[in-house]
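Generate a structure from the sequence data that follows.
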Amino acid sequence: MNPTGKSVAFLVSKEGIEQVELTEPWRAVAEAGATPRLISPEPGTVRAYHHLEPGDTFPVDQAAGEADAAEFSALVLPGGVANGDLLRWQDSARDFVRRFLDTGRPVAVICHGGWVLIDVDAVRGRRLTSWPSMAADYRNAGADWVDEALSVDNAGPFTLISSRKPDDLPGFCEELVRQLDKV
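Below you'll find the model as predicted:
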């Protein structure tokens, strides 16, 4: 695989990111030779969590409103309940996601990271998985929700990679890198 020279956007809110759902895909992307970049609605730093316990802080590379979505080969939406909920109502986050979706490039979402996809109407008719508490939200948005460790939907205008939880990260990261290699 040779994703060298490619950049991957990791879109997160100011806080509430499930740390391992940020750091493991980040590591996989970097080890594959691509450049992970942290995008958030606000500049500065973001706070990750280990479930409800505060985790590490991470520097934001670029504010969502200033980032050029076309520069990225893939978009990763890490989970965390607060992260997913905060992203969905922030205009710059929704606008960045819409601009990225227009590129037709892969989107990888895990756990609660997909609420923003619901809010930009990007899951209608798509097959995906998530943390089980989001099943009704996805179904109400017109998606085909499945309870599987990994779902890869190539039937729409962009490849949609999804997983449920931290235990699913090995397959999620492997598929992310595989799809990145195709871009």
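
Show me where the protein has its strands.
Applying DSSP state E to the chain gives strands spanning 7-11, 15-18, 35-40, 45-50, 53-59, 62-63, 74-77, 107-110, 127-128, 144-145, 151-153, 160-163.

Reformat those strands as TSV; add mean pLDDT.
Formatted as TSV, the strands of the chain follow (pLDDT from 0 to 100):
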stretch	mean pLDDT
strand 7-11	98
strand 15-18	96
strand 35-40	98
strand 45-50	96
strand 53-59	96
strand 62-63	98
strand 74-77	98
strand 107-110	98
strand 127-128	98
strand 144-145	98
strand 151-153	98
strand 160-163	98
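
Quick check: which of those strands is nearest to Lys182?
strand 74-77 (9.9 Å; Cβ to Cβ). The C-beta positions use only the backbone N, C-alpha and C, and glycine is treated the same way.

Restricting to C-alpha, output the closest one in CSV.
Extracted C-alpha coordinates of strand 74-77, given in CSV (Å, rounded to 0.1, in the frame of the first residue of the first chain):
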residue,chain,number,x,y,z
ALA,A,74,-10.3,10.7,3.3
LEU,A,75,-12.3,11.9,6.2
VAL,A,76,-12.4,10.2,9.6
LEU,A,77,-15.1,11.0,12.1
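
Does anything pack onto it? Which helices or strands?
Applying 3 or more Cβ pairs under 8 Å, 6 or more residues apart in numbering; DSSP states H and E, one finds that strand 74-77 contacts strand 7-11, helix 19-31, strand 107-110, helix 169-182.

which other residues reach that strand?
The contact list for strand 74-77, computed with Cβ atoms under 8 Å, 6 or more residues apart in numbering, reads 6, 8-11, 25-26, 29, 36, 69, 84, 87, 97, 100, 105-110, 113-114, 116-117, 176, 179-180, 183.

Centre-most residue in this structure?
Central residue of the chain (Cα atoms, centre = their mean): Leu77, 1.4 Å from the mean position.

Identify the bridge partners of that one.
According to DSSP bridges, the residues that bridge with Leu77 are Val109.

quick thing: my sequence starts at 41, can you match it?
Okay, using 41 as the starting number, the last item reads as Leu117.

mind checking the end-to-end distance for stretch 144-151?
End-to-end span of stretch 144-151 (Cα to Cα, to the nearest Å): 22 Å.

In that stretch, which residues are buried?
Residues of stretch 144-151 classed as buried: 145-151 (neighbour count, 16 or more other Cβ atoms under 10 Å).

wait, which of the residues you listed is closest to Leu200?
Each of the buried residues of stretch 144-151 was checked against Leu200 using Cβ to Cβ; the closest is Val147, at 5.6 Å.
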